[in-house]
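Colleague: sequence and predicted model, in that order:
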Amino acid sequence: SRTQSRPPARRGDQPKRRTTGTSAEPVRTRGSRNLTGRAAVVLLVLGVVVRLLELSRGRAFVLFTSYANMNAVGSLIAGRVDYPLLIQGEAPKAQLLDTFRGTPHAVLLATASFWQGVDVAGEQLSCVIVDKLPFASPGDPIVAARIDALAAQGASAFEAYQVPLAILALQQGLGRLIRH
């Protein structure tokens, strides 16, 4: 086989590296500086969300697992999409839902309270985007107690409790789209 010699790598020539926000590994994006942590995740989510909204022509719920990510994406997305943008916290939940149902091609950015018990029939809701799997916070006292109880029994709290709970939340969040 033939080998090619490559010049030594220079500082700016490192390959793109992606992160989930849990490490300090930088994300290099076209035309931007290296980013780490939540800022990198927000930019990655933003790019995917904008593209999906273009494909679905709006008509979407963008569901977040944190207010911080919702607000960060919301502030950055405003000038990048040509669809009416509704953001949780700008109006009461019932009003946001009524506005979403009555506004063609609307996009709603929201958190946990919109994952359950919300139904939008027909073509008005054609896309549900979730920023990441909705794992319950291990810092929550009830979640922590259940994790400790399972660990005391020798069970894997992740497999026996956290994954099934995340799957249920994901099914509830996506179920409204599948039903219609």
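Modeller: Cool, the structure landed.
Colleague: tell me the secondary structure for residue 76?
Modeller: Following DSSP: H, G, I helix; E, B strand; the rest coil, we place residue 76 in the helix state.
Colleague: surely residue 62 is in contact with residue 115?
Modeller: No: in this structure, residue 62 is not within contact of residue 115 by Cβ atoms under 8 Å, at 11.9 Å. (C-beta placed from N, C-alpha, C; glycine too.)
Colleague: lowest-confidence helix or strand of this protein?
Modeller: Lowest by mean pLDDT, DSSP states H and E among the helices and strands of the chain is helix 163-179, with a mean of 76.
Colleague: nearest residue to residue 150 in space, please, no chain neighbours.
Modeller: residue 157 (4.2 Å; Cβ to Cβ, 6 or more residues apart in numbering).
Colleague: same check, this time on residue 59
Modeller: That would be residue 126: by Cβ to Cβ, 6+ apart, it lies 4.2 Å from residue 59.
Colleague: give me the phi and psi for the residue most central in space within the chain.
Modeller: Centrality entry for the chain: nearest residue to the mean C-alpha point is residue 131, 0.8 Å, by Cα atoms, centre = their mean. Main-chain dihedrals, residue 131, degrees, to the nearest 10: phi -70, psi -40.
Colleague: and for residue 109?
Modeller: According to degrees, to the nearest 10, residue 109 has phi -100, psi 130.
Colleague: about what we covered before: how many residues are close by the residue nearest to residue 59?
Modeller: A count of nearby residues for residue 126, using other Cβ atoms under 10 Å, gives 17.
Colleague: mind listing what it touches?
Modeller: Contacts for residue 126 were tallied using Cβ atoms under 8 Å, 6 or more residues apart in numbering; they are 56-57, 59-60, 177.
Colleague: any idea which helix or strand comes after the lengthiest helix in the chain?
Modeller: Taking DSSP state H as the criterion, the chain has its longest helix at helix 37-56. Downstream of helix 37-56, the first helix or strand assigned by DSSP states H and E is strand 60-63.
Colleague: many thanks, we can stop here.
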